[in-house]
Structure formats: structure tokens, C-alpha cells
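A.B. asks: okay, sequence plus prediction incoming.
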Amino acid sequence: MGITRRDALKSMIAGGAAVAGVSALTRPVSADVLTPAPDALGLLYDATLCIGCKTCVVKCQEANHLEPDTSLDRKYDAPVALNARAKTVIKLYQGDEGQSFMKAQCMHCIDPACVSACMIGALTKGANGIVSYNVDYCVGCRYCEIACPFNVPKFEWAKTTPKIVKCELCRDRLAQGQEPACTEVCPRQAVIFGKRSDLLQEAKRRIASEPDKYQPTVYGETEAGGTQCLYISHVPFDKLGLPTLTSEPAPHLARIVQSTVYRWFAAPVVAYGALGMVMLRNRRQDEKKPEA
Amino acid sequence: MSAHVAAAPVGGRLMTPSVRALSGLFGLGALMILWRLYAGLGATTAMNDGYPFGLWIAFDVVTGTALACGGYAVAILVYILNRGQYSPLVRPALLTSALGYTLAGIGVGLDVGRWWGLWKVPLFFWRWNLHSALLEIALCIMAYVVVLWIELSPFLLEKYRDSDNLTMRRLSRAALPALKKASIWIIALGVLLPTMHQSSLGTLMLLAGPRLNELWRTPLLPLFFLLTCVSMGYAVVVFESAFSSTALGRKPEIGMLAGLAAIIGPLQVLIVLLRLLDIGVRGAFPALFAFDIRSTMLLIELVLFLLPAAMLRTPASRSDLGHLVRAAMVMMFAGALFRFDTFLVAFTPGSHWSYFPSVPEILVTVGLVSAEIIAYVFIVRNFPILSGGPTAAPERQAA
């Protein structure tokens, strides 16, 4: 009955988790930041240009074969927020800073939390960095909805065989050489489509040319580790409903904890062996001494 | 492995009035389950795109598996720390664990939208996303349910060693030696798997990032989930022992429970100290004393964690079954509140979202817990799970 062995084991069990915690606290955040793929595609929404005509919403529904959302008044197709029938919506902000429209859709994060959450890869970072959904690998657990800092993935609550619904940047249209539905129809080019690097450059050019008009930063350049959909605006971004986020990728902390504990799956294997050995030793010791 | 007083079936009638009432509750829950499978989650639950995890995840899975950690807590004590004197607690603890985890599995099956595709998760190993804490939890829980029933199977098969039923006798005599031989490596899995997934249940909500309130958003969350599942597992062992003594007329293992209480009390204090230390190190003390809903809930948590430690301070208090049960109930409640807070209260999808479980959600949970109690009573009446022998008083049929 070695008290030292017992203590050693106790500290082993509790220690494993503690080590993970401490190393997560001390590891620098920047070690994990990803750079976007050079061919990453995205959107640039300029809130100063949008007139709120919602043509993009209508075209999006048509292109994605979404059912009309009449939940507002049971008559008009008028989604009030992203939901299982609306992959993009236009909202209006009115306040002290003036008035502005706001387009919501998937941000196509460079390091998406939803992809990090997804068990067997129903959500993946596909071609051109588009966060894509394949229902064949979805069990409907909705962990992606917990994970997304932008509250984008939506679940078909009303259906018996529900799917996750979110903007996939019209990847089927892109494959046919078309551009996303929303950018194709926008009469003011308030939302434009292109390579993220080009869009970022264009956004910065617009801000530089009219610094009095725009907020000084491009939303999505660094937020949550960077997104492929970018925003520039005359009113502060938080007023438009965009969350105030640091440059830490959304899945960073959880991934550090998980991958520190389970690196190469070594800790569980070692722990399993150790547990077995301790029990073998216990059994041998018990067999040596006469039964009480 | 064997106890000083051999475990034996309690015997007696199953269909007592309380079991009949529980069957009614289970029936109601079963109807709600059918409705959920027919009409979908939107029609039957209050979950929404803001609160995609509801009662079934927060209670049936996250709290239910922690309450089913009796088998884990006792296995560490008896097999790893080699305290053989506690071995009479192993069988009933494993039984509550096996039942609790099985029901958690059923709870997950009802909660996921596309339940018919769940088989892909363990089998499509080439698609496993090793960053996903949920994947690890899913695989561990699936494996652990199997391990628990294997751990429990010798006690069930024992009944048939000299049975008149030839098939069962043969099965029993063939399987028992093999199970005994492999027992160490099965039990090792039975300790490893809960260590992994109970801690990962904490990692799970870390992915919510800034949407998880800062008081709970700590890399130590996995450690807190692990420590609290041990104290909750112990509390259930106390509770279950008291239930067996009052409802089934068995002598409670009071000496053992008192011995364990001396360890668990300080553990509760340690959890509180670690949480305060963590909040301090991360500079979140202002949030702790903001006295908004979240700070209030966390302060209640801390008080509930400390209360059982205070209640079990003296040896006399630890040897009184009624007192132990009261402390155990506070302990379970503290751990359960910590889990509910982490998954529902500390999760902040935005002020325009709200969630309170619907009636069908609650009825399903109540029905599943009722089924668990019925199965427990049935198994201890018919299989050698409980030891200690009947109390002096004539056996009551209250259960």
C-alpha cells in the first residue's frame, strides 16, 4: 500500500487536465492564426451604398430554392433575420449615428468555428475557402450553431428531416461560371464579389479616399482571425449587429485545450497503460497477502 | 473483488404502487418521444437557433452522465487506489452508471435532428474531425456505454451460473472466466473513458468563445467538469445507498459512505478555491460581483459547493445517513447547476433569444428518469447487486 504511488496517481489524473489548462493560458495566440488561401473568395458589403431594396434577398431565395418565409405576418415573404429560409437578409439600423442598412450572411471565416465543431465534416472549408455544407455527414447536432460567433448556421426546426442552412457563397453557381446571386443583382454594387485580397484592397482604397465618410477599419480583416466577407460602413460596426471580436480565431481556445490534451492521442494511451499496470500491481499485492 | 457480505438479489414484487406511478410517467414520456420523432424538434421543443442546446443536452446528457459517474468514482477508489474495503459499493454504482449513460445515449438520439445518421459518427473514422470535442465525447460515451454493460455483466451472469436454463447456464459459465481474465483492462477503460469525456464536456462550451460568459470561459473548465463529476458520482452513491435502505430494506453502507465523505468535503472546497483563483488570475473579479443574473448564479454555485463541505465537517455528521443524504443532494444540485449554467445561463446568443424547456421536453426527461428508476429496481430485485443483507425491520414494499 504505497502512499506515494497513490499520490502519484491522483496527481496524474488531476494533473493531466491542469497541464492542459495552464499551457492553454500561456501559449501565445498568434501561434494559431491562419492566413487566408490566396484564392479565397468573398464579398465586400459597403453599407454607404446599400439602399435596402432587398433584391439580393429575393434572388438568394430563388437561386437557393428556399421556401418563402412568411413568419412575420403569415402573408408577405419577409424574413426578419437569418433563418432556415433565409441565407441572407437586409436589416435597417436607425440611431444617433444615422441610418444604415446591413446585409447578413455567412462570413466565411478563414478559421471557422463551425468547421472546428463539426464531428465528421459536414461543414468543411471547401474550394476557394468557402465554408461548405454536405448533409450526408450531418447528424443535426447543432454544435455549429453554438460555435459560430456570428450566429449564422440555422437549423430546419420545422422539419422531421432537418438540415443546417447557411450561405455557401452560391458555390454551385460559381461552378457554372456565374457569380453569387446577391452580387449579381445588386443595383448599386453595394455588395460585390471577388478574391478576398482584391476586396480588402478595394475596401481600404474607399476608406482612404473618403476618410470622413467611413469607419476607419474594414470589418472582417482581423475579426475572429479574419473573414472572407468584409464590411465597410459609415456607422460603427457594432451598431450594425456585427459582434466586437478580437483577432483570435473563434475556435482557438477550445482547439488549444483539446489538442494539448489529445496530441497524437498519447495521453490517453499512456494513461490507459498506467491504469492497467497499477491494477495489475494491486492484484498481485492482494494475492500475496492472505485474504482478510 | 467479492464483498464480505455477498451481494444477493433483493427479491420481492416489481409492480409496487410507486413503480406503477413511474411506469405512467414513462408512458407519457414515450408518447412525447413518438411525437418528437413524428413532428420534429420545432413542434415539440422550445429550442431555437439562439439556444440550439436545450434541456436534453444540459440535463439528460451533461448532468445525467455526471450523475452516472458513481461507477467511475468508485472504480478509481477500489481498483486504482486499491481500497478494497469499498468494493460492496461497486455493483450498485456500476448499475446506476450503466443505466444513466444508456439513457444519456437515448437522450442524444432524440436531440439530434438526423438521428438515423448517427451510426456514421463511429464508423466513418476517415472523416473524424479530431479538433471537435463533441466527436470525442460522442465516441467516448458510445464506447463507455458498452464498457459499463460489460463491467456489469458478470454480476448479471452470476445469477445463471447454476440456472436450470441450459443456454443461460452455458453462457454464464463460458463468459464469466473470460470476463474475469479481461477485467483489469475493461476496468481501465472504464476509468479512462469518463476521464476523457467528462473533462471534454467542459471543452465543448469553450468553442462558444466570446458568447460564453467570461466567468465560465476558462481553459480550466475541463478540469472543473472532471472534479465535479467525481463529487456528483459520489453523491449519487450516497443517495442510492439511502434509497436502497429505505425503499428496499437493505442495510446502508454507512461506514464506507462516512469514509468517502471525509474525502469529498475537501474536494468541494478545492473546487471553489480553484474557481475563485481562476477568476482572479483572469481578472474577472468585477464580473463576479456585478450581481447580474450570471454573477448571482455563479455565487449561488459557489455557496452550494461549499455547503456540503460544511455539513460534513465533523465525524458525527458524516456517520448520520439522513445528514449524508441531505449533503449529497446539495452536492448533486451544485454540480447540476454548474452544468446548467455553463450550457444555458452562461451562453449568451443575444438578448432577442430566450429558452425555457417545453412541456414535451420536460415530460421526455421525466419519463427517461422514471425508466431508469424502474430498471434499477427491477435489476436489484432480481440480480446480485446489493450487499449488506436485509435490515432488521421487515422489508417494506414502498418502492
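C.D. replies: Structure received.
A.B. asks: shaky segments in chain A?
C.D. replies: By pLDDT under 70, the weakly predicted segments of chain A are A:1-34, A:289-292.
A.B. asks: and the helices in it?
C.D. replies: Along chain A, the stretches classed as helices by DSSP state H are A:3-26, A:55-63, A:113-117, A:143-147, A:171-175, A:181-185, A:196-209, A:252-261, A:266-288.
A.B. asks: make a markdown table out of those and add mean neighbour count and distance to residue B:64.
C.D. replies: In short, each C-beta sits where N, CA and C put it, glycine included. Shown next, in a markdown table, are these (neighbours: other C-beta atoms under 10 Å in any protein chain shown; distance: least, C-beta to C-beta, whole Å):
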| stretch | mean neighbour count | distance to residue B:64 |
| --- | --- | --- |
| helix A:3-26 | 16 | 21 |
| helix A:55-63 | 19 | 41 |
| helix A:113-117 | 27 | 22 |
| helix A:143-147 | 28 | 18 |
| helix A:171-175 | 14 | 40 |
| helix A:181-185 | 21 | 44 |
| helix A:196-209 | 16 | 44 |
| helix A:252-261 | 24 | 23 |
| helix A:266-288 | 15 | 23 |
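A.B. asks: any chance of the ones you listed in a markdown table, plus distance to chain B?
C.D. replies: Output for these, formatted as a markdown table (distance: least, C-beta to the nearest C-beta, whole Å):
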| stretch | distance to chain B |
| --- | --- |
| helix A:3-26 | 4 |
| helix A:55-63 | 18 |
| helix A:113-117 | 5 |
| helix A:143-147 | 4 |
| helix A:171-175 | 20 |
| helix A:181-185 | 21 |
| helix A:196-209 | 22 |
| helix A:252-261 | 4 |
| helix A:266-288 | 4 |
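A.B. asks: separation between the residue in the stretch 101-250 of chain A that chain B sits nearest to and residue B:118?
C.D. replies: Of the residues in the stretch 101-250 of chain A, the one nearest chain B is residue A:140, at a distance of 2.4 Å by C-beta to the nearest C-beta. The gap separating residue A:140 from residue B:118 is 9 Å, by C-beta to C-beta, to the nearest Å.
A.B. asks: what's the answer for residue A:287, then?
C.D. replies: Applying C-beta to C-beta, the value for residue A:287 to residue B:118 is 43 Å.
A.B. asks: again with residue B:66
C.D. replies: 22 Å.
A.B. asks: neighbour-wise, which of those two wins?
C.D. replies: Using other C-beta atoms under 10 Å in any protein chain shown as the criterion, residue B:66 and residue B:118 rank with residue B:66 on top: 29 against 19.
A.B. asks: who's in contact with that one?
C.D. replies: Contacts for residue B:66 (C-beta atoms under 8 Å, 6 or more residues apart in numbering or on different chains) come out as B:198, B:201, B:225, B:228-229, B:232-233, B:335-336, B:339.
A.B. asks: which of those scores worst on pLDDT?
C.D. replies: Across the contacts of residue B:66, the bottom pLDDT score, 90, is held by residue B:233.
A.B. asks: tell me which element it is part of?
C.D. replies: Using DSSP states H and E, residue B:233 maps to helix B:221-247.
A.B. asks: that helix near chain A at all?
C.D. replies: Yes. With C-beta under 8 Å from any C-beta of the partner chain as the measure, helix B:221-247 is seen reaching chain A through B:222-223, B:226-227.
A.B. asks: return the member of the contacts of residue B:66 nearest to chain A.
C.D. replies: Closest approach between those and chain A, by C-beta to the nearest C-beta: residue B:225, at 8.8 Å.
A.B. asks: just give me the neighbour total for that closest one.
C.D. replies: Number of residues near residue B:225 (other C-beta under 10 Å) recorded here: 25.
A.B. asks: what's the answer for residue A:134, then?
C.D. replies: When neighbours are counted by other C-beta under 10 Å, residue A:134 comes out with 13.
A.B. asks: contacts only, for the residue lying closest to it once chain neighbours are set aside.
C.D. replies: Leaving out its chain neighbours, the residue that sits closest to residue A:134 by C-beta to C-beta, 6 or more residues apart in numbering or on different chains is residue A:122, at 5.5 Å. The contact partners of residue A:122, by C-beta under 8 Å, 6+ apart, come to A:133-139, A:164.
A.B. asks: hmm, 6 Å instead?
C.D. replies: Taking C-beta atoms under 6 Å, 6 or more residues apart in numbering or on different chains, we find residue A:122 in contact with A:134, A:137-138.
A.B. asks: ditto for residue A:155
C.D. replies: Shown in contact with residue A:155 (C-beta under 6 Å, 6+ apart): A:142, A:162.
A.B. asks: same thing but at 10 Å, please
C.D. replies: A:83-84, A:140-142, A:144-145, A:162-165, B:41-42, B:47-49, B:52, B:113 (C-beta atoms under 10 Å, 6 or more residues apart in numbering or on different chains).
A.B. asks: then residue B:275?
C.D. replies: Shown in contact with residue B:275 (C-beta under 10 Å, 6+ apart): B:215-216, B:218, B:220-221, B:223-224, B:227, B:288, B:298, B:301-302, B:305, B:338.
A.B. asks: any idea which element it lies in?
C.D. replies: In this structure, residue B:275 is located in helix B:254-281 according to DSSP H and E.
A.B. asks: what packs against whichever helix or strand comes after that helix?
C.D. replies: Counting by DSSP H and E, the element after helix B:254-281 in chain order, helix or strand, is helix B:285-288. Where contact means 3 or more C-beta pairs under 10 Å, 6 or more residues apart in numbering or on different chains; DSSP states H and E, helix B:285-288 is packed against helix B:254-281, helix B:293-311.
A.B. asks: after the shortest one, which helix or strand is next? Please name it.
C.D. replies: Toward the C-terminal end, the helix or strand that comes next after helix B:293-311 (DSSP H and E) is helix B:315-318.
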